[in-house]
Structure formats: structure tokens, C-alpha cells
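Q: Structure for this input, please:
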Amino acid sequence: MRLLLLLIISISFSPSHQTRANVNFPDLLVTNQYLLVRQFGCLIHFESGIDTGMCPRSSKLQLSRQDVCVRDNTNLHLIRDPEGKHAPKLGWIRYSNLQVQINILDINRDAIFNGEGDKNHPEYIIKQGADKTHSKIIAVNNWQNAYQEHGSDMKNVYSLYDPTTRSFYIIDNRFSETKLDILYIHNIFNNKTSVSSIGKFLQNSRSSPIHVNNKQRFGWTQDPYKQTVYYKELNGGTTVYEFPISKLYEVLFDGISGKAIRTSYQNSENYMVSGGLLTDRTFSENQGTRTVTTSFRPENTTLLNLGIQCHYDELVKEHVHPLHSAMIVIRDDDYCLIRYGEKGLKACQNEREDWFAVKGLVIEHEDPIKWLIVTIIILVMLLVLLLVYVYWLRSTFVFDTENSRHDYETNEASLFVAKQRSFPSVYPDPALLDVSVDKWN
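A: The predicted structure is shown next:
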């Protein structure tokens, strides 16, 4: 098995490449804990610890026209545990002439990190179905007629994975109308994994039809960390759109459009974002030689000089690219769970914090004590405001009462004077009254 893998590596990599110097993947990803997973036809390549200024070896993978991988149409997905307790798995979907196969693949930690290769640059390659001890294959016999009719013409079949519902969405645009299969995966993180078909939908069906807008959409991919879906449309150039996966039903059934984020006029194979890394591959041909350029840059920038560009040349008559390829980033806690397991998660997090400290970066922690203190401060401030308001109300009431009493006495005195002036005999002046004692003797 290892000889086979070494043979694959020796014939699959082109020695010709260029890179931008003084740029490395930890700086692009803002983490030193990452694992690049490249799917290239029926090959899966794992890689980490890439040297500064160097290209990933997986960016130079090649397939000959005689390789069985060329005829395989596969899609690769990262399946993360929402609770963060289990190491992530890979969902490897393969379309054959008679069935859809969903391969739930455990990531082989020992083969990647404890193999015979360079410990500072871990690397591992597997072929579809080769690592049977770490995978579970689920056959879904639901497209037999379609596959028999169209054979291996599978370029326009794509898949998405929704972690909130643990479901795969198979989007088929090979026909005159779009087809959709929704498959639910049971017990995905234990050995009792199985699949159920949730539903099959057609573009022109009367109940829950797939919207006609999806017929012109292709190149469906997703970022498992941002929970964002990407697709392309042709309109002079190739425009890439994005939308949150929570709006997947609205896009598929109501036909709403995502947000246009980029238009390219180059011959681009794929545009994929994963874990903050944007990967894009372009091609140019000249006299039977194809130059393949793979660019890696942070997702939140459009400046090429902030990334790495890798180039290699291949002969068009000898090499061909598979129907689908993908680049997935596994990072941070997911990386720690793969390499050290749940017990080593805390130590791995401390290692990442040390790297951040060296880089002068700050990690934001969700500290419950901090939020408790903030809550108490807010409540105290509200209490103080309430006491001030009560004091203001009380002061206003006392002031109004004293003013009312004073006004009442003033009014009474004024009324008495007015009556005395109008009726002096009835209301004599108190100063003229004789109150001496002699008067009563």
C-alpha cells in the first residue's frame, strides 16, 4: 500500500512551480493549526506544515488520461460536529453508472501525522475505496435509470452538505430540467451510519418544483466554517454568487439569487472558499502545453499580492483534469480533535494561543465570568437610574404641595380683603376692633 502511494506521488507531481516568497499558510489562515485536504478526482491528499514561500504539493497533482480517477465524478465535504466533541469526518460522494455512493471517511490521524514522511511537513494520499478500515460506504440506488441513460456524463452533478439538518443535497443539471435529491444521514458520528431519502424534486413538478433559475447555475461549492454556499452563472464572464446555507431552500425552490461577489473572464476551473482560504485555478494553453495556476489568498481580500500563486506546466495530450476537484481547510479545534483527540484539545488550544502571542495577535474568548460582570454592571446602572427617577418624582411632588398650600393661603387672604372692602359693616377691619377687657366690665 505504501509503495503504491509513493508511486502515485512520484508520477503525480510536476517539478516546475513558482511561488511568491515570504508568504506562508499560517499567515494566510491566521492559525498555525491547519490541514489542507485536496480532492483531485478519486485522490484525496492531506498536507500540513507547508514551508514559508512554498506551494502545497497538492497544487501540483496531475492525472494521466489513462488514470481511472479521470472517469470518476466525486465531491468532497467536511462534516463537522456541531457540539465540537468529535473529530470531523469527510463525506465523499461518488457517482457511478448505477448508484450514488456516500462514503463517510474517518480521517486517519496516524497515517497523516505519524507516518514515515517528514514530521514537519505531514502528507498522506489515499484513493477512493483504498482506506476501507476508516470509511463506511452507503449505496443509494435511486438514480439507476438516469445513470444508465447518460452514462458517465456527470460534470453537471453537484452536492452540498447542510450541517444543521445533516443532509446531502444532490443537484443534477444534466437533463433539460434540474433534479434534486435530499438525503439524510443517520448517526453520522458512530458506526451505525445509514441514509434515508427525504425527497426527490423536479423542475416542472406540480408539488415543490425546483425553480427554473437553477438550470443556469453550476459550480456549486460551500465553506463549512462560514456556512456559505457559492455557485456560478455565465453572463459574458463567469460570475460567482454567494448566500448563507440557511437560504438554500429559497434559492432552490423560490429561485432567489445570491449576492454577486466576483466576475472572471479567465478559463477558471473552480472557485472555492474554505476556512478563510480562497482557492482559484486558471488555465492557459500554448502549443500543446497547459499552464495551470492555482492562487491561494485570504477570503476577505481581493489583492493577489497578499497570497501565494503556484504554477506548473503539463502536456495537454498526456494529462487531463478530473470532473471535480476541491480544496478544504481543516483548522483550529477541528485540527486539534483530529491530531490529539478530545483529551488533548485544551493543550492544543494553548499551543495556538502561544503562536498568537508570538505574532502579537489576540484571541477573543467567550468568558462567562466576563459576561456576568457586564450584566451586573448594567443592572446596577439601571438601579441607580431608577433611584434617581424616584427621587426626582418625590422632590417634584413636595415642591408642588408647598406651592399649592401657599397659593391657597394667598388666595384666601385676597378674597377676605376684597370682601372687607365691599362690605365693611359685615367684614370689619381686625385692626379697628376693640378687644380690651374694660369693654366687658
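Q: only C-alpha atoms for contact and neighbour calcs from this point on.
A: OK.
Q: Quick check: buried residues in stretch 342-350?
A: Neighbour-count burial for stretch 342-350 flags 342, 345, 348 (criterion: 16 or more other C-alpha atoms under 10 Å).
Q: Out of the residues you listed, which sit inside helices?
A: The helices in this structure, assigned by DSSP state H, contain 345, 348 from the buried residues of stretch 342-350.
Q: Output the buried residues of stretch 342-350 in TSV, with pLDDT and distance to V320 appended to each entry.
A: Below are these laid out as TSV (pLDDT from 0 to 100; distance: C-alpha to C-alpha, whole Å):
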residue	pLDDT	distance to V320
E342	85	41
L345	88	41
C348	90	40
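Q: got TSV for the buried residues of stretch 342-350, with distance to I93 too?
A: Formatted as TSV, the entries for the buried residues of stretch 342-350 read as follows, by distance: C-alpha to C-alpha, whole Å:
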residue	distance to I93
E342	27
L345	29
C348	31
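Q: now, which of the buried residues of stretch 342-350 sits nearest M54?
A: Proximity to M54 was ranked across the buried residues of stretch 342-350 by C-alpha to C-alpha; first place goes to C348, at 25.2 Å.
Q: so what's that closest one closest to, chain neighbours aside?
A: Using C-alpha to C-alpha, 6 or more residues apart in numbering and skipping the chain neighbours, the partner closest in space to C348 is C336 (5.9 Å).
Q: What helix or strand is the one you found located in?
A: For C336, the host element (DSSP states H and E) is helix 332-340.
Q: and that helix, average pLDDT?
A: Model confidence over helix 332-340 averages 92 on the pLDDT scale.
Q: same check, this time on stretch 297-316
A: Stretch 297-316 shows a mean pLDDT of 76.
Q: Quick check, T289 in contact with E318.
A: No: using C-alpha atoms under 8 Å, T289 and E318 do not qualify as a contacting pair, with a distance of 9.9 Å.
Q: ok, back up a step: can you give me the separation between the residue nearest to C348 and L78?
A: For C336, the distance to L78 (C-alpha to C-alpha, to the nearest Å) stands at 15 Å.
Q: And for Y124?
A: Relative to L78, Y124 is positioned 17 Å away (criterion: C-alpha to C-alpha).
Q: before we move on, what about V388?
A: From V388 to L78 the distance is 56 Å (C-alpha to C-alpha).
Q: what do you get for E285?
A: For E285, the distance to L78 equals 33 Å [C-alpha to C-alpha].
Q: neighbour count winner among those two?
A: The residue with more neighbours, out of E285 and L78 and counting by other C-alpha atoms under 10 Å, is L78; that gives 23 against 13.
Q: Not counting its neighbours along the chain, what's nearest that one?
A: Taking C-alpha to C-alpha, 6+ apart, and ignoring the residues beside it in sequence, L78 has L90 as its nearest neighbour in space, at 4.9 Å.
Q: Tell me how many other residues crowd the one you found.
A: Summarising burial for L90: neighbours were counted as other C-alpha under 10 Å, giving 18.
Q: Direction included, what does the helix or strand harbouring it pair up with?
A: Using DSSP H and E, L90 sits in strand 89-95. Sheet neighbours of strand 89-95, with direction, are listed as strand 73-79 (antiparallel), strand 100-106 (antiparallel) (DSSP bridges).
Q: Quick check: which of the ones you listed is nearest to R174?
A: Taking C-alpha to C-alpha as the measure, these were each checked against R174, and strand 73-79 came out nearest at 13.2 Å.
Q: Number of residues surrounding T282?
A: Residues contacting T282 under the criterion other C-alpha under 10 Å number 16.
Q: cool, the one 10 residues further on as well?
A: One way to gauge burial is a neighbour count; for V292, by other C-alpha under 10 Å, it gives 21.
Q: ok, so what distance separates it from M54?
A: Relative to M54, V292 is positioned 16 Å away (criterion: C-alpha to C-alpha).
Q: Also E285?
A: E285 sits 24 Å away from M54, taking C-alpha to C-alpha as the criterion.
Q: same question, K200
A: 45 Å.
Q: Of those two, which one has the most company?
A: Between K200 and M54, counted using other C-alpha under 10 Å, the more crowded position is M54 (19 against 16).
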